[in-house]
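Trainee: My questions concern the predicted model and sequence given below.
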Amino acid sequence: MFFPQAMTEMELIVPEKDLLQVTSILAGQGIFHQVDASYLSSNNNVKSNDSWKDRAAAYSSLERQILITMQALSIEAGSPPPADQSAMIKLEAVRPLAEQIEQDVKDSNNQLTASQKKLEQLQNYIRQLLPIADIDLDISLLHNPRYLLSILGIMPVVNLERLQTSLARIPYVLLTLQKDRENAVVWLTGSKRNTDILERAARSAYLNPFDLTDVHHGTPAEIIKSLNMDIESLQESIRKQKARIAQLHSSYEHQLQTLLWRVRSSRLLADAMAHYGKLQFTYLIVGWVPSSKTEALTQQLKQASGNILVDATPLIRQGQANQNVPVALQNPGILGAFQQLVTTYARPRYEEIDPTILMTLTFPLLFGAMFGDVGQGLLLAILGWLIASRKIRALQSLASLGTIIAVCGLAAILFGFLYGSMFGSEEVFKPIWIAPLQNITKILAIAIGAGIIILSLGYLLNIVNAWRARDWGRLIFDHHGIVGLTLYWSLLGLGAASVIKGFPLPPLVFTALAILAGLAVMFSEPLKHLAERHRPLIEGGLGTYIIQAIVELFENLISLLSNSLSYVRVGAFAVAHGGLSAVIFILANLVSPDHGAGYWIVVVIGNIFIVGFEGLIVGIQTMRLEYYEFFSKFFIGGGVPYIPLNPVPSGEK
Amino acid sequence: MLTGGASGYAAIHSRVRVMYSELLAPQDGASLRDTADLNSLLESLKNTVYGPYLNRVEDKELTPRRAVSEIKSRTADIYLTVIHSAPARTRPVLIQLFRHFEIDNLKAVLRGIMTNSSWERVRDTLFPLGSLTLIPAQQMLEAGNVEAAVTLISATPYYDTISHAMKRYADEQSLFPLEVALDLDYWRKLWTTVKQLPGQDRTQALRIIGPLLDMNNLMWAMRYRVYHRLSEEEIINYTLPFGYHMRDEDIRAIAAGANIARVIERLYPGISNVEALLQEPEQGLPKLELQLQRFVRRQFNSVFTGYPFHIGLPLALVALSEFEIQDLTVLIEAKSAHMPNEKFTPYLLMGTNPDNIAT
């Protein structure tokens, strides 16, 4: 729980004939983190893995084809079927079925689309005719008059003026029958002798003639009536087509979902095989497996392939050459939400301490200390539980955040009892421990004390991490290493010895220690280089280095002070929480001195405000203390995520 | 007046000055022109402000088309910087001016559909707009036909314009009506946004956008008449009735068959040989356009002298940057085709000896 799982590097040499079976086992177990070895193929002048790449591409294309068909039928991918997903299916076996279903769906969809298009066209005709619906004239008569050319149509308003300019040299009539911001319905007419000019001008001004006069006759009102009848029959036909598609949905849903998952898993397996190294007659598979599961996997692989060669090398956790080892964190599920908070900052390296458990302890404690209130904590806990249990549909994606809110709420309840605060009132019950508003100096001092403990823990964890990484320079001379901690503690001791009478050690001891540690911090770089046998000891000139070292020491001292004082905010927020609550009760009394409805409305609204607003601010402050003050002392991060091969990727489960 | 005058333009002005100083100097142009081949040209360009853009691509993948695409990214960056730092009231003009890249992209995609081109081929011809683009170019191309592609841009400002022209496309199966409608709409909107600017900004924006609009409108009218042999009414409908120095009467006169040379001489004093150029429109029109571009380019450079706190400087900068890209495109294409200097130099706007200017 304090470290990532121990990993073993596995190298498998597999005969080509057993490749599929071995891959199925590796994928089926869901524990093998694959490493790309395909580069070996090109290095060894042997045929590369292009065929597997091609097959992966073919599966991918079929998967896309199935997804499009499913989309057309509004079928969700669903969850993977329980059947064995680790076997590959043959493309030739499933493609005809996929194509047949696709064709079926396409035909029905095309019919529906055509009908809908036709419907849209008819509705468009009606829209075009509406502006002239009250004209009592058979508009088909405009088509073939003896002396006049008539164009009835719609055009962009911005082109109207230009159209008139372009016709300036001939006699014409242009009537705007209707106009909105974009379009104008116009009737353009002129002598038939000028047909060419009129038509060219109309066309180039984007005057689109109505094309309904060819098929419909009568006045606009009569045509609209006839079109409405056509629309009704078309709508009936669309209803039937939709019913047919619904029928296809129910008959193909299960089939398509099964097919999709089989093809998807085959695609993933083919893709995995494309990343194997191809040797002369065998394949090289490289990857990582949790050490605890290596033995069982090796047995299974040997059963599947008599000729397989398995080379398993457990990795020693210490040392610095572990940066490419996948990191599988091993925290119980209940800590998942806090693990997510840690990985948001960084994923621990293989040899590093996983701070999830520390985060789980310190985060709610810090939050609760700043937000101690039984009633408001209860509200937060209930809200967090509702979110975590996914009962609030809109917040389902924040389920893990819900767990954190719920735990923080519980911590706030605990501190609420300690502070004697219930919905902001400090009169409901007596504090078990301390009332922040009445003991401001004390609570601030306690907060700084807690900060010193947390920071010291950070230093110690850095020392442990450096020890495990066999990074001796960092262990001793780092600002957060042994000398850094000595400087911090000796300064604290100096402060304590100066203030507390009868302190067991004299200030002189701490002064001497602080000077020694300060010098070590100041010259930490050359000392680190010395420990690491790195030359030159000092990069650049000595003079520049000394100035830089003095500035760094100064900065370090400031950091020690500011980091410790940073925790004062824990006490300050506890006080502010009490103060803010008091303000709400003052406001409530102003609104309704006799504690009527107004009083309670203000109290309720005020509490909601505190839970939402202050809760958010305290959450952010807690995060800051964790990430910036605590993690930065010992946590480097940058580990590679452990993503085991799986025919059903975790994101799709 | 917190965002006007010197206070509103202080930040953008310093940025524009820096970017203006980064435009290639005439001697840079000359040394680029004199490089031995495409590789030397690209190497030389890597030592200029275009270096970071070209270095993003590995040498073996730096084809001429890719190189042009990369250097265009600089213009996009200049636009973005200018748009973000310009006073809010002037941004619509800059944004609308920027839209012409997207219209060009839209045309390129539609042409790609008509010619059944692959996405890879079309992609390299598109101006790199990144996340600023409103059009789903790849999806449009993959839609396979113009009608389906147009439905994919129904939420963009281009849809209404294109939908008016779709009937003509259906009848004629030509992109010409769509492209003309897009161009006219672009310039109309640009002119409207310029006219909406207040005071000094409006005057200075007209000084930059006006000559560009005049040049475009004039070239359209000439092309439609000389090249496409369109009728008077079509030329009128396919051009704009407004301009900076150009009047609607000029366009109507050209449409009606009047002497084009006289119109040009009035609008662009100093440009000669127009008659001769129009004798052979295939070569003459591009050369005439180059002369007009040189003319406006000189005008844009002159904006950088005098009172600087107005929108004119940023607009001039982006226009000059586009001219520079045009030159670099000519250079890259010429060098990749192993063309001798004397063949392509007349088509350059920068660093040219007046003797070599295309006439």
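Mentor: Structure received. Numbers count the residues shown, from 1 in each chain, chains lettered A, B, ... in the order given.

Trainee: Can you give me the neighbour number for residue B:85?
Mentor: 17 (other CB atoms under 10 Å in any protein chain shown). For the C-beta atoms, the positions are set from N, CA and C on the backbone; glycine is no exception.

Trainee: who's in contact with it?
Mentor: Residue B:85 makes contact with B:11-12, B:15 under the criterion CB atoms under 8 Å, 6 or more residues apart in numbering or on different chains.

Trainee: Quick check: closest non-adjacent residue to residue 128.
Mentor: Let's take chain A. Ranked by CB to CB, 6 or more residues apart in numbering or on different chains and with sequence neighbours excluded, the top spatial neighbour of residue A:128 is residue A:210, at 5.3 Å.

Trainee: not what I meant, chain B
Mentor: residue B:73 is the one closest to residue B:128 (CB to CB, 6+ apart), at 4.8 Å.

Trainee: pretty sure the one you found is touching residue B:52, no?
Mentor: No - at 9.3 Å, residue B:73 does not count as touching residue B:52 under the criterion of CB atoms under 8 Å.

Trainee: quick one: which of the two has more around it?
Mentor: For residue B:73 versus residue B:52, neighbours defined as other CB under 10 Å are more numerous around residue B:73 (19 against 13).

Trainee: how much space between that one and chain A?
Mentor: 31 Å (CB to the nearest CB, to the nearest Å).

Trainee: my hunch is that that residue is in a helix, does that hold up?
Mentor: Yes - membership of residue B:73 in a helix is supported by DSSP: H, G, I helix; E, B strand; the rest coil.

Trainee: how near is it to residue B:64?
Mentor: Separation of residue B:73 from residue B:64 (CB to CB, to the nearest Å): 16 Å.

Trainee: How about residue B:347?
Mentor: 16 Å.

Trainee: Same check on residue A:131?
Mentor: For residue A:131, the distance to residue B:64 equals 54 Å [CB to CB].

Trainee: can you check residue A:374 too?
Mentor: Taking CB to CB, one finds residue A:374 at 73 Å from residue B:64.

Trainee: More neighbours: these two, which one.
Mentor: Per other CB under 10 Å, whichever of residue A:374 and residue B:64 has more neighbours is residue A:374, with 22 against 18.

Trainee: Would you agree the more buried one is in contact with residue A:418?
Mentor: No - in this structure, residue A:374 is not within contact of residue A:418 by CB under 8 Å, at 9.9 Å.

Trainee: for the stretch 301-450 of chain A, which spans come out with low pLDDT?
Mentor: For the stretch 301-450 of chain A, applying pLDDT under 70 flags the ranges A:317-321.

Trainee: do you know how far whatever residue of it ends up closest to chain B is from residue A:120?
Mentor: Using CB to the nearest CB, residue A:397 is the residue of the stretch 301-450 of chain A that sits closest to chain B, at 23.9 Å. Distance, residue A:397 to residue A:120, by CB to CB: 37 Å.

Trainee: so what's the residue in the stretch 251-359 of chain B that chain A sits nearest to closest to, chain neighbours aside?
Mentor: Nearest residue of the stretch 251-359 of chain B to chain A, counting by CB to the nearest CB: residue B:252, 7.1 Å away. Nearest residue to residue B:252, sequence neighbours excluded (CB to CB, 6+ apart): residue B:236, at 6.3 Å.

Trainee: what helix or strand does residue A:252 sit in?
Mentor: helix A:220-274 (DSSP states H and E).

Trainee: And residue A:288, by the same measure?
Mentor: strand A:282-290.

Trainee: for chain A, what are the nearby residues on the stretch 201-350 of chain B?
Mentor: B:230-234, B:236-238, B:241, B:248, B:252 (CB under 8 Å from any CB of the partner chain).

Trainee: Write the PyMOL selection for whichever of those are buried.
Mentor: PyMOL command restricting these to the buried ones, with burial defined by 16 or more other CB atoms under 10 Å in any protein chain shown:
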select buried, chain B and resi 230+231+232+233+234+236+237+238+248+252
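
Trainee: Least confident secondary structure element in chain B?
Mentor: Using mean pLDDT, DSSP states H and E, the weakest-scoring helix or strand in chain B turns out to be helix B:5-21, at a mean of 78.

Trainee: Put the alpha carbons of it into CSV.
Mentor: In CSV, the C-alpha atoms belonging to helix B:5-21 read as follows (Å, rounded to 0.1, in the frame of the first residue of the first chain):
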residue,chain,number,x,y,z
GLY,B,5,-6.1,56.5,-29.1
ALA,B,6,-2.7,56.1,-27.6
SER,B,7,-3.9,54.3,-24.4
GLY,B,8,-5.9,51.7,-26.4
TYR,B,9,-3.2,51.1,-29.0
ALA,B,10,-0.1,51.3,-26.8
ALA,B,11,0.3,47.5,-26.4
ILE,B,12,-0.7,46.5,-29.9
HIS,B,13,1.4,49.3,-31.4
SER,B,14,4.6,47.9,-29.8
ARG,B,15,3.8,44.4,-30.9
VAL,B,16,3.0,45.6,-34.4
ARG,B,17,6.2,47.5,-34.6
VAL,B,18,8.2,44.4,-33.6
MET,B,19,6.4,42.3,-36.1
TYR,B,20,6.8,44.9,-38.8
SER,B,21,10.6,44.9,-38.2
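
Trainee: which helices and strands does it pack with?
Mentor: Counting contacts by 3 or more CB pairs under 8 Å, 6 or more residues apart in numbering or on different chains; DSSP states H and E, helix B:5-21 packs against helix B:64-85, helix B:312-336.

Trainee: which helices and strands sit right next to the next helix or strand after that helix?
Mentor: With elements assigned by DSSP H and E, the helix or strand that comes after helix B:5-21 is helix B:26-33. Here helix B:26-33 touches helix B:38-46, helix B:312-336, going by 3+ CB pairs under 8 Å, 6+ apart.

Trainee: Is the closest residue to chain A within the stretch 1-150 of chain B in a helix, a strand, or coil?
Mentor: Of all residues in the stretch 1-150 of chain B, residue B:147 sits closest to chain A, at 10.1 Å by CB to the nearest CB. Secondary structure, three-state DSSP: residue B:147 is helix.

Trainee: count of neighbours near it?
Mentor: Using other CB under 10 Å: residue B:147 sits among 12 other residues.

Trainee: Confirm that residue A:553 sits in a strand.
Mentor: No - per three-state DSSP, residue A:553 lies outside any strand segment and is helix.

Trainee: For stretch A:252-261, give the mean pLDDT please.
Mentor: Averaging pLDDT along stretch A:252-261 yields 91.

Trainee: nope, stretch B:224-238 is what I was after
Mentor: Mean pLDDT, computed over stretch B:224-238, is 93.

Trainee: Figure out the length between the terminal residues of it.
Mentor: 8 Å (CA to CA, to the nearest Å).

Trainee: Can you list the neighbours in contact with it?
Mentor: A:159, A:162-163, A:165-167, A:169, A:196-197, A:200-201, A:203-205, B:180, B:184, B:220-221, B:239, B:251-252, B:254-257, B:260, B:278, B:281, B:285.

Trainee: Would you mind checking those for buried ones?
Mentor: The neighbour-count criterion (16+ other CB under 10 Å) marks A:159, A:162-163, A:165-167, A:197, A:200-201, A:203-205, B:180, B:184, B:220-221, B:239, B:251-252, B:254-255, B:260, B:278, B:285 among the contacts of stretch B:224-238 as buried.

Trainee: who does the helix or strand hosting residue B:122 touch, helix- and strand-wise?
Mentor: Applying DSSP H and E as the criterion places residue B:122 in helix B:119-123. With contacts taken as 3+ CB pairs under 8 Å, 6+ apart, helix B:119-123 sits against helix B:91-114, helix B:137-143.

Trainee: For it, which residues meet the burial criterion?
Mentor: Within helix B:119-123, judged by 16+ other CB under 10 Å, the buried ones are B:122-123.

Trainee: quick one: it to chain centroid distance?
Mentor: 21 Å (CA atoms, centre = their mean, to the nearest Å).

Trainee: any idea of the mean pLDDT in it?
Mentor: So the average pLDDT for helix B:119-123 ends up being 88.
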